[in-house]
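Q: Predicted model follows, preceded by the sequence.
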Amino acid sequence: MNSLSRRNLLSVGAAAGGAMAITSAAAQGGGVFGNPDRPAEGRINASPEAFSEPGPKNPSLASQFPSFQDPPATDVAGMDLFWASFNNAHKRVQSGGWAREVTQGDFAISEAVSGVNMRLSVGGVRELHWHQQAEWAVMVDGNCRITVLDAKGRPAVRDVKQGDLWYFPPGLPHSLQGLGPSGAEFVLVFDNGRASEFNTLLLTEWMAHTPPEVLAENFDLPIDAFKKIPIDDLWIYQGPTPAALSDAQEAVRTPLGEPDAEFTFSMTDMKPNKITKGGQVKIIDSNNFPISKNIAAALVTVKPGGMRELHWHPNADEWQYYISGQAKMTVFNTGPRAQTADFNPGDVGVVKKSLGHYVKNVGSNDLVFLEIFKDSQYQEVSLAQWLSCTPPDLIASHLNMDPKLLSKFKSPRVVVPS
């Protein structure tokens with residue numbers, strides 16, 4: 001596999017659109033190109049009566065899934081559902097904010113990771129807690145104060161803004177608090193599909209379920225000092241407006257100093273790894289965010305009409321979070337099986353390890369989404385690059401193509417700045 005700089009991550013939409021038009025025309029002419037399966041599939045092979053849907057329906061819901069309602073003729077057979085969304089996930093709301101989640105319990109295909117969308121008001125606190133899993137997070141709105149203690153007893157307090165990340169290795173205690181002027185909203189990813197934000201190791205619950213005399217002995221305080229501790233967990237509660245960052249950092253300073261590793265990372269401040277006419281990509285893994293040992297990610301921007309090229313990931317399942325824009329994705333599996341789905345902001349997609357796919361911007365604005373992997377490294381195989389690195393006569397015999405056209409596989413499809 002060649003370096004990232006040689007990969008064609010994003011292709012130009014005009015070429016893709018032309019190919020789709022050719023496909024449709026060939027199918028209508030009775031050929032099998034773009035309509036390969038027997039018995040044939042797709043609306044093109046059905047009469048208007050056969051394609052009609054006179055029974056009960058929810059038009060508002062159905063309109064969100066045009067590719068499910070009218071799939072391309074190249075879709076074939078069935079596939080595990082790879083679409084989910086925070087938009088229809090139940091919110092748990094408390095005084096300081098809310099959270100909703102997509103776990104394997106709701107989304108069977110998502111074995112590797114689970115996701116949580118959380119909102120904190122100004123001063124809203126996600127109470128002191130820790131997890132058995134690693135926590136990776138991206139800020140999608142506002143500002144947030146995070147605190148964490150590393151395994152050597154060294155504290156860190158940081159403020160993060162939209163586009164920033166944090167990563168807490170398993171077992172490290174931490175807290176989150178919304179800052180002014182508008183609080184914070186973020187998405188958390190845990191490196192276990194069954195992990196739930198509603199079932200974490202909470203400070204209040206541990207204290208409430210420890211005998212009072214043990215608390216007194218542990219902290220060298222009288223038992224009465226603990227008589228007002230909460231019996232119920234706080235989870236997300238409304239706290240006071242946080243102190244200035246410098247004051248908070250000074251308040252926790254110890255002779256041990258700060259952790260060697262940085263728990264936060266700014267995607268906004270980093271330069272893209274690759275820019276093309278179709279968009280850009282930023283890769284964040286343990287190479288540039290060393291503490292993130294279990295999660296690698298790519299922030300992908302696709303221009304209107306552009307496409308995230310045909311590719312696959314050999315090392316891990318891909319968990320996608322759609323931030324803005326509208327997308328269409330087809331996933332290819334053995335069988336053959338192929339299915340196309342549509343994605344909007346707040347939606348989640350999963351592509352299993354090594355399955356081929358593309359993501360096309362079908363809207364009028366930039367498509368922005370995250371690709372997230374349970375691995376320390378980002379890895380990818382490009383279909384175009386693979387074919388361009390295979391002897392042309394071998395490709396010609398596979399695809400029954402004019403060998404003169406195969407040189408196009410090696411021609412740059414986009415302009416990549418040096």
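A: Looks like it arrived, so ask away.
Q: My assumption is that Cys144 lies in a helix; please confirm.
A: No. If the criterion is DSSP: H, G, I helix; E, B strand; the rest coil, then Cys144 is strand and not within a helix.
Q: That one: what's it in contact with?
A: By Cβ atoms under 8 Å, 6 or more residues apart in numbering, the contact set of Cys144 is 120, 159-160, 176-179, 184, 186. Bear in mind the C-beta positions are built from the backbone N, C-alpha and C, glycine included.
Q: mind listing which of these are in helices?
A: Among the contacts of Cys144, DSSP state H puts none in helices.
Q: can you list those residues in TSV and add distance to Gln326 and neighbour count?
A: Listed next are these as TSV, based on distance: Cβ to Cβ, whole Å; neighbours: other Cβ atoms under 10 Å:
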residue	distance to Gln326	neighbour count
Leu120	28	27
Asp159	33	18
Val160	28	24
Leu176	30	26
Gln177	34	27
Gly178	29	29
Leu179	31	21
Ala184	26	28
Phe186	23	25
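Q: Between those residues, which sits nearest Pro314?
A: Within the contacts of Cys144, proximity to Pro314 (Cβ to Cβ) peaks at Phe186, which comes in at 29.5 Å.
Q: Report the separation between that closest one and Val160.
A: 8 Å (Cβ to Cβ, to the nearest Å).
Q: what's the overlap in contacts for the two?
A: Common neighbours of Phe186 and Val160 (Cβ under 8 Å, 6+ apart) are 139, 144.
Q: Give me the next element, helix or strand, following the least confident helix or strand in the chain by mean pLDDT.
A: Lowest on mean pLDDT, DSSP states H and E among the helices and strands of the chain sits helix 13-28, with a mean of 40. Per DSSP states H and E, helix 13-28 leads on to helix 48-51 as the next helix or strand towards the C-terminus.
Q: ok, and the closest non-adjacent residue to Val140?
A: The shortest distance from Val140 to any non-neighbouring residue, by Cβ to Cβ, 6 or more residues apart in numbering, is to Glu185 (5.3 Å).
Q: The one you found contacts Gly124, correct?
A: No. Counting by Cβ atoms under 8 Å, Glu185 does not reach Gly124; the two are 10.7 Å apart.
Q: neighbour count winner among the two?
A: Between Glu185 and Gly124, counted using other Cβ atoms under 10 Å, the more crowded position is Gly124 (24 against 18).
Q: what sits against that one?
A: Going by Cβ under 8 Å, 6+ apart, Gly124 touches 95-97, 177-178, 183-184, 236-239.
Q: If we use 10 Å, what do you get?
A: 94-98, 118, 144, 176-179, 183-184, 236-239 (Cβ atoms under 10 Å, 6 or more residues apart in numbering).
Q: And Asp269, by the same measure?
A: Asp269 touches 163-164, counting by Cβ under 10 Å, 6+ apart.
Q: Next, it: phi, psi?
A: phi -80, psi -10 (degrees, to the nearest 10).
Q: Thr147 too?
A: phi -130, psi 150.
Q: so what's Gly279 bridging to?
A: Residues in a beta bridge with Gly279, per DSSP bridges, are Thr276, Val302.
Q: a helix runs through Pro230, doesn't it?
A: No. If the criterion is three-state DSSP, then Pro230 is coil and not within a helix.
Q: list the contacts for it?
A: Pro230 neighbours (Cβ under 10 Å, 6+ apart): 127, 202-205, 207-208, 237.
Q: what's the pLDDT at the closest residue in space to Ile229 that isn't next to it in sequence?
A: Spatial nearest neighbour of Ile229, excluding adjacent residues (Cβ to Cβ, 6+ apart): Met207 at 5.2 Å. Per-residue pLDDT puts Met207 at 97.
Q: Can I get stretch 80-90 as PDB, trimmed to CA atoms?
A: Output in PDB follows, covering the C-alpha atoms of stretch 80-90 (Å, rounded to 0.1, in the frame of the first residue of the first chain):
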ATOM      1  CA  ASP A  80     -27.300  -5.800   7.400                       C
ATOM      2  CA  LEU A  81     -28.700  -2.300   7.900                       C
ATOM      3  CA  PHE A  82     -25.700   0.100   7.900                       C
ATOM      4  CA  TRP A  83     -27.700   3.300   8.600                       C
ATOM      5  CA  ALA A  84     -28.600   4.700  12.000                       C
ATOM      6  CA  SER A  85     -29.100   8.200  13.400                       C
ATOM      7  CA  PHE A  86     -29.000  10.300  16.500                       C
ATOM      8  CA  ASN A  87     -32.000  12.100  15.100                       C
ATOM      9  CA  ASN A  88     -34.300   9.200  16.200                       C
ATOM     10  CA  ALA A  89     -32.400   8.200  19.300                       C
ATOM     11  CA  HIS A  90     -34.200   8.800  22.600                       C
END
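Q: which phi and psi does the residue nearest to Ile229 have?
A: phi -60, psi -40.
Q: ok, it touching Ala225?
A: No. If you go by Cβ atoms under 10 Å, Met207 and Ala225 don't touch, sitting 11.5 Å apart.
Q: Are there residues contacting both of these two? Which ones?
A: In contact with both Met207 and Ala225: Leu215, using Cβ under 10 Å, 6+ apart.
Q: Give me the common contacts of Glu185 and Gly124.
A: Common contact partners of Glu185 and Gly124 (Cβ under 10 Å, 6+ apart): 97-98, 118, 144, 178.
Q: what are the ranges of the helices in this structure?
A: Using DSSP H, the helices found in the chain span residues 13-28, 48-51, 59-62, 66-69, 203-208, 212-219, 245-252, 383-388, 392-399.
Q: What pLDDT does the model give the closest residue to Asp37 other than its chain neighbours?
A: Spatial nearest neighbour of Asp37, chain neighbours left out: Val76 (4.9 Å); criterion: Cβ to Cβ, 6+ apart. pLDDT for Val76: 95.
Q: bridging residues for Val76?
A: Ala338.
Q: can you pull the contacts of it?
A: So Val76 contacts 36-37, 41-42, 332-333, 335-339 (Cβ under 10 Å, 6+ apart).
Q: separation between the most far-flung residue of the chain relative to its centre and Glu213?
A: When each C-alpha in the chain is compared with the mean C-alpha position (Cα atoms, centre = their mean), Pro222 comes out farthest, at 48.0 Å. Computed as Cβ to Cβ, the Pro222 to Glu213 distance reads 10 Å.
Q: backbone phi and psi for the residue farthest from the centre of the chain, please?
A: phi -70, psi 150.
Q: That concludes my questions; thank you for your assistance.
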